[in-house]
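K.L.:
here are the coordinates; sequence isn't available:
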């Protein structure tokens, strides 16, 4: 898993471009962090809902992926739902936690929440469904899966 985490951190351009950081506590249990920047705003001081939704997709997706890689599979988002509970302002740090709540033969369901880093106030709740598929469907992972 450690090698996969290093690879994920290198190739995930969305995380890199948005200065996102994460920690995997166990397969299916993760924490993500983000600070709202000017590029995330929809008005002079408030984050766009799409910035929060993108962050939630990261939270839900990495929860599912961190579980899937233990079974030599990857994930893709089938759908996700988000409930926005409060706005987030420029410069505020947010923390997202995610966990797998169900793993079937080909689908994983995860849940997530986003909170303000300073106060712990709830910002958003989400749930997502993810399809699993074998590593072999991603050519760039051939060296990783064969140990080369």
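P.N.:
Cool, the structure landed. It should be emphasised that the depicted structure is a prediction, and the values quoted were computed from it without experimental measurement. Numbering: from 1, shown residues only.
K.L.:
residue ranges for the strands of the protein, please.
P.N.:
Here the chain has its strands, by DSSP state E, at 21-26, 29-35, 73-84, 93-103, 107-116, 122-134.
K.L.:
may I see the ones you listed organised as CSV, with mean neighbour count added?
P.N.:
Every C-beta, even on glycine, is put in place using the N, C-alpha and C of the backbone. Shown next, in CSV, are the strands of the chain (neighbours: other CB atoms under 10 Å):
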stretch, mean neighbour count
strand 21-26, 14
strand 29-35, 20
strand 73-84, 16
strand 93-103, 18
strand 107-116, 21
strand 122-134, 19
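K.L.:
can you put those strands in TSV and add mean pLDDT and distance to residue 51?
P.N.:
What follows is the strands of the chain, written out as TSV (pLDDT from 0 to 100; distance: least, CB to CB, whole Å):
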stretch	mean pLDDT	distance to residue 51
strand 21-26	95	16
strand 29-35	98	8
strand 73-84	96	11
strand 93-103	98	10
strand 107-116	98	11
strand 122-134	97	11
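K.L.:
nearest approach to residue 50 belongs to which of these?
P.N.:
Residue 50 lies closest to strand 73-84 among those, at 10.4 Å (CB to CB).
K.L.:
list the strands paired with that closest one, with their directions.
P.N.:
Using DSSP bridges, the neighbouring strands of strand 73-84 in the sheet come out as strand 122-134 (antiparallel).
K.L.:
work out the gap between the strand it pairs with and the centre of the chain.
P.N.:
Relative to the chain's own centre, strand 122-134 is displaced by 8 Å; criterion: CA atoms, centre = their mean, to the nearest Å.
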